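Visitor: Got a predicted structure plus its sequence, pasted below:
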Amino acid sequence: MSQKDQQKAAAVEAAAAGHGGLSQSELDELVASSDTGGRSVVGPVSSFLMLVALAWSLFQLWFASPIPFMVGFGVFNDTEARSIHLAFAIFLAFAAFPATRTKFQVGLGIAIPVILGSLFMFGAKEGSSTWWVPVVVIALVACIVLGSPKDKIPVWEWALAIVGAAAALYLYVFYRDISGRVGAPITQDFVVAVIGILVLLEATRRALGPALMIVASVFLMYTVLGPYMPSIIAHKGNNLSEIVNHQWITTEGVFGIALGVSTSFVFLFVLFGALLDKAGAGNYFIQVAFSLMGHMRGGPAKAAVVASAMTGLISGSSIANVVTTGTFTIPLMKKVGFSAEKAGAVEVASSVNGQIMPPVMGAAAFLMVEYVGIPYFDVVKHAFLPAVISYIALVYIVHLEAMKAGMQGLPRAYTPKPIVQRLIGIVFAIAAICVVSFAVYYGMGWIRPAFPETAAYIVFAFLTLVYMALLYVASKEAPLKLDDPNAEVQSLPMPGPTARSGLHFILPVVVLVWALMVDRLSPGLSAFWASAYMVFILLTQRPLMAIFRGESKLATDIKEGFMDLIDGLVTGARNMIGIGIATATAGIIVGAVSQTGVGSALADVVEVLSGGNIMAILLLTAVLSLILGMGLPTTANYIVVSALLAPVIVTLGQQNGLIVPLIAVHLFVFYFGIMADVTPPVGLASFAAAAVSGGDPIKTGVIAFFYSLRTAALPFLFIFNTELLLMNVNWAQGIFVFVIATIAMLLFAAATQGWFLAKNKFYESIALLLIAFTLFRPGFWMDMVFPPYLEEAPTEIAAAAGDTPAGDELRIRVAGVNDLGDPIEFVALLPIGDGTTGAEKLENAGLVFRTEDDKMFIDDVSFGSAASNAGLDWDQEVLRVLKPVSVPTKYLMFIPALLLLALIVFLQRGRNAKVVTRKAAA
């Protein structure tokens, strides 16, 4: 953890210790210093920066919209848009984040440019002029040493902001010239690229702390010093010309896929969340969660989980999520009996989980679309079930904590209806929602073909009518106010009126989901239409609500709505500063990985350390993901761990007989990367929660880590059981998997918390873990009893193919060489198609074999065939053939697991009955 972060956390803890929490201004300062910038300027400078942020949001809306193509003006290609996007991010980073004066930060700010400048000169081609490099380094170091106050922007800070923005705009201004000399940079390219890289790293240090800056700098050093590295990670080394071309002049490094995703998708989703929150949706979600769950045991904590899940849909920051919901939920949790540390830990665990909840997932969902190469809809489908199960398990953990402490919920202001009436009401509500959903779905399906030219206008008119109707319903309820959590709670809000007061906030989310899931528009265009609808709501919400309430002051209401819109646009841009900088700097790391081939070297390191054991490989990868994620924001964290470690699991898994889908691997490293937000000593979300609760931040982080064990267990489970990611299952199977996996995760939570129906005996916790594992992966035990594959001699491959039904896969272990000429072994899954004989099936799959000295070799592989797609190639030796065999269903393993669960229930209910009898006798 950086010295800056340590001092920030210490100051936060000291401020909180005296009165059990921070003031709103102190909390705003905490979020600002972490997410949106800690500098506070007033007057014309403040107005100017607001206009720059507003211009950024308007540019992104323009770029994402279809309007430029309709009018034939202002059309930007992807590279030009990335250049402008990064220019805004760098300029606002220097304007919003002051340089710190701590010795560590100043020392780091001086050391990195000096070291990199020296290496750039060392890596220059012989005869190249590099006299200008020391000039650039000295100028940057001088600006860092001079520092900057929080209440104004000195001249040298303006200079850094302008120079950095100009370096980023270089690709836009000289786009045509650069495209004609790719691979042969001129002196001008060298100067701009070196300035751009060094200034970008300094912006990263200010906006995101030193962690990402250090990691990116290490990769740049590795790029130059490759020949001097240990043999296992050594490479030929790259000169300055290659680095400049790869990292800045082309789209392989800084301006690569990560920045492209930030430009095309992420900004619009962050902006959508900012506009939705500015309209009042954040407060609405919190109030609805409390009205529905506050009366339960440990109700405020359960409401915190649900509220964080809902705000996690629109928030891309763990810290902002903690502070937004935590200021209200943490004091109420403490009131019903949670300690300061446990209250903070519940908030941390639920807020960090927001990063794994579709549709945004801290921007990782959109990066997965590019990196994995699958549609956005599939990413959401695969990520949805683990995220929901994790949240359900967290609610159950909170329930167990409440049971342990004998807590009660908050009082209700009404007498609840009998349980039967409530269940009937829920059933009717679900039925009504289903009827409306089907009517809308098939109604839309009829409108589009019937009115192809005007369908969009008809849909907008329909949405507007629904919006006005919901707004009219909301106007009949009292306006929602965020209550003071430190005041005495007399009663909970009524669920019905609370829910009705903001139903119109659901419409923009419906627009977003419809565009993504039904119309299958691109994520960027979907977010544009959702944001456009939010603009409409912000401009009309206040005037229409006032008219419906008979309190209209039209001019004032329209002005306030317009100011809400401007504020939302500016907030969205400020929220994007860190993400824009993070994706650009992470691009340096991705560029270095592709330029040096360090990914394959890292696979060799992991293989040596793990000894080829697949579980050891996964554990090492999880630990490395956790370490690399420390101090990095969610987006940069995912880019780094996926670039470095995802190929490791795929390669080593295939070599050891585990064929893992790429999306499962990316979700695996992503889950462990975000755990760094929880884990001490770097977990900034834990420090933010401790700031609100007044508890010890390290202890809060430790408790939050134990609450998050369910999130750590899920990746291991879906690596081995991809049904959890809804892969190759139908709807009925999907529902079955969801129910079983949820039960299994609840049992896992009960085992790790030491409490089920009563306090667990140690052997009951072990048994619950065993039952949970069996429910998650019944095939593990069934494969021991009935092996699913029968091993055949390599020369019997034709017979094995003949016995394999069409549509099944034949597993073939082969030995050969990789692209670098190094020997490898791996397992290939060969799809078997139609054919009357085994030889014909293999020929149809694209394979021809030859036999030499009782050994079977692949003689030829047809281009584009099933065999080629499986990774098979000529001259590979067939070592083993595994053909699938018929075995009993793996779900038979549920029978002994459920019988063992029934025994535990019987034992614990018996203990509870004895306790009740003793209390009654006393």
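Guide: It's in.

Visitor: Counting by contacts, list what the strand or helix carrying A800 packs against.
Guide: Assigning secondary structure by DSSP states H and E places A800 in helix 797-803. For helix 797-803, the elements it packs on are strand 809-817, helix 838-844, strand 877-884, judged by 3 or more CB pairs under 8 Å, 6 or more residues apart in numbering; DSSP states H and E. For glycine as for every other residue, the C-beta is placed from the backbone atoms N, C-alpha and C.

Visitor: Indicate which one of these is closest to P543.
Guide: Nearest of the helices and strands packed on helix 797-803 to P543, taken as CB to CB: strand 809-817 at 61.9 Å.

Visitor: So for whichever helix or strand comes after the closest one, what gets flagged as buried?
Guide: Downstream of strand 809-817, the first helix or strand assigned by DSSP H and E is strand 823-831. Across strand 823-831, burial judged by 16 or more other CB atoms under 10 Å covers 825-828, 830-831.

Visitor: Looking at those, which two lie furthest apart in space?
Guide: Farthest pair in the buried residues of strand 823-831, by CB to CB: E825 and P831, 20.9 Å.

Visitor: Specify which member of the buried residues of strand 823-831 is nearest to V336.
Guide: Looking across these and measuring by CB to CB, the closest to V336 is V827, at 53.5 Å.

Visitor: ok, that closest one touching L652?
Guide: No: between V827 and L652 there is no contact under CB atoms under 8 Å: 11.5 Å.

Visitor: And the helices and strands packed on helix 797-803: which comes nearest A89?
Guide: Of these, nearest to A89 by CB to CB is strand 809-817, at 43.9 Å.

Visitor: orientation of the closest one relative to strand 823-831 in degrees?
Guide: For strand 809-817 against strand 823-831, the angle by axes from the mean of the first three to the mean of the last three CA atoms, to 10 degrees is 160 degrees.

Visitor: ok, and what's touching strand 809-817?
Guide: Residues outside strand 809-817 that contact it (CB atoms under 8 Å, 6 or more residues apart in numbering): 657, 789, 797, 800-801, 804, 823-832, 858, 872-873, 875-884.

Visitor: Determine the three-state secondary structure at the residue lying closest to S501 once chain neighbours are set aside.
Guide: Of all residues not flanking S501 in the chain, E477 sits nearest, at 4.2 Å (CB to CB, 6 or more residues apart in numbering). Secondary structure, DSSP: H, G, I helix; E, B strand; the rest coil: E477 is coil.

Visitor: Mean neighbour count added to the helices and strands packed on helix 797-803, as a markdown table?
Guide: Below are those laid out as a markdown table (neighbours: other CB atoms under 10 Å):
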| stretch | mean neighbour count |
| --- | --- |
| strand 809-817 | 19 |
| helix 838-844 | 19 |
| strand 877-884 | 19 |
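
Visitor: how far away is I771 from V513?
Guide: 36 Å (CB to CB, to the nearest Å).

Visitor: Also P523?
Guide: Distance from P523 to V513, by CB to CB: 12 Å.

Visitor: of those two, who's got more company?
Guide: Ranked by neighbour count (other CB atoms under 10 Å), P523 and V513 place P523 first, with 27 against 16.

Visitor: give me every residue that touches the more buried one.
Guide: Applying CB under 8 Å, 6+ apart, the residues near P523 are 264-265, 268-269, 365-366, 369, 376, 516.

Visitor: Name the nearest residue to it, ignoring sequence neighbours.
Guide: F265 is the one closest to P523 (CB to CB, 6+ apart), at 4.5 Å.

Visitor: Quick check: that neighbour touching L521?
Guide: No: between F265 and L521 there is no contact under CB under 8 Å: 11.6 Å.

Visitor: Settle it for me: which of the two has more neighbours?
Guide: Set F265 next to L521 and count neighbours by other CB under 10 Å: F265 wins out with 25 against 17.

Visitor: any idea whether the residue nearest to P523 is helix, strand or coil?
Guide: helix.

Visitor: separation between it and I90?
Guide: 20 Å.

Visitor: Then V106?
Guide: For V106, the distance to I90 - CB to CB - is 21 Å.

Visitor: do G524 as well
Guide: Separation of G524 from I90 (CB to CB): 22 Å.

Visitor: likewise V518?
Guide: The gap separating V518 from I90 is 38 Å, by CB to CB.

Visitor: neighbour count winner among these two?
Guide: In this view V518 and I90 are compared by other CB under 10 Å, and I90 has more residues nearby, 31 against 13.

Visitor: wait, what's in contact with that one?
Guide: Taking CB under 8 Å, 6+ apart, one finds 161, 164-165, 167-168, 199-200, 203, 581 in contact with I90.

Visitor: One more pass at 6 Å, please.
Guide: Going by CB atoms under 6 Å, 6 or more residues apart in numbering, I90 touches 164-165, 168, 203.

Visitor: by contact count, what packs against the helix or strand containing M213?
Guide: Using DSSP H and E, M213 maps to helix 210-224. Secondary-structure packing of helix 210-224 (3 or more CB pairs under 6 Å, 6 or more residues apart in numbering; DSSP states H and E): helix 103-122, helix 187-208, helix 554-596.

Visitor: I'd like those helices as CSV, with mean neighbour count and distance to P896 appended.
Guide: Shown next, in CSV, are the helices and strands packed on helix 210-224 (neighbours: other CB atoms under 10 Å; distance: least, CB to CB, whole Å):
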stretch, mean neighbour count, distance to P896
helix 103-122, 18, 57
helix 187-208, 24, 51
helix 554-596, 22, 47
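
Visitor: Same list (these) but as CSV, adding distance to D808 and mean pLDDT.
Guide: Output for those, formatted as CSV (distance: least, CB to CB, whole Å; pLDDT from 0 to 100):
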stretch, distance to D808, mean pLDDT
helix 103-122, 54, 86
helix 187-208, 49, 91
helix 554-596, 36, 88
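
Visitor: Now tabulate those helices in TSV and tack on distance to P68.
Guide: Formatted as TSV, those follow (distance: least, CB to CB, whole Å):
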stretch	distance to P68
helix 103-122	38
helix 187-208	27
helix 554-596	19
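
Visitor: which stretch among these comes nearest M403?
Guide: When the helices and strands packed on helix 210-224 are compared (using CB to CB), the closest one is helix 554-596, at 38.6 Å.

Visitor: ok, residues contacting whichever helix or strand comes after that closest one?
Guide: With elements assigned by DSSP H and E, the helix or strand that comes after helix 554-596 is helix 598-610. Contact with helix 598-610 is made by 232-233, 593, 616-617, 620, 644, 647-648, 651-652, as judged by CB under 6 Å, 6+ apart.

Visitor: which intervals of the stretch 51-200 of the chain have sub-threshold pLDDT?
Guide: 101-102, 126-127 (pLDDT under 70).

Visitor: the strands in the protein, which residues?
Guide: Assigned by DSSP state E, the chain shows strands spanning 789-792, 809-817, 823-831, 847-852, 855-861, 877-884.

Visitor: Return the distance of A527 relative to M357.
Guide: 16 Å.

Visitor: who has more neighbours, these two?
Guide: A527 (31 against 24).

Visitor: residue contacts, that one?
Guide: Under the criterion of CB under 6 Å, 6+ apart, the neighbours of A527 are 268-269, 272.

Visitor: Mind picking the lowest-pLDDT entry from the residues you listed?
Guide: Minimum pLDDT for the contacts of A527 is recorded at F269 (82).
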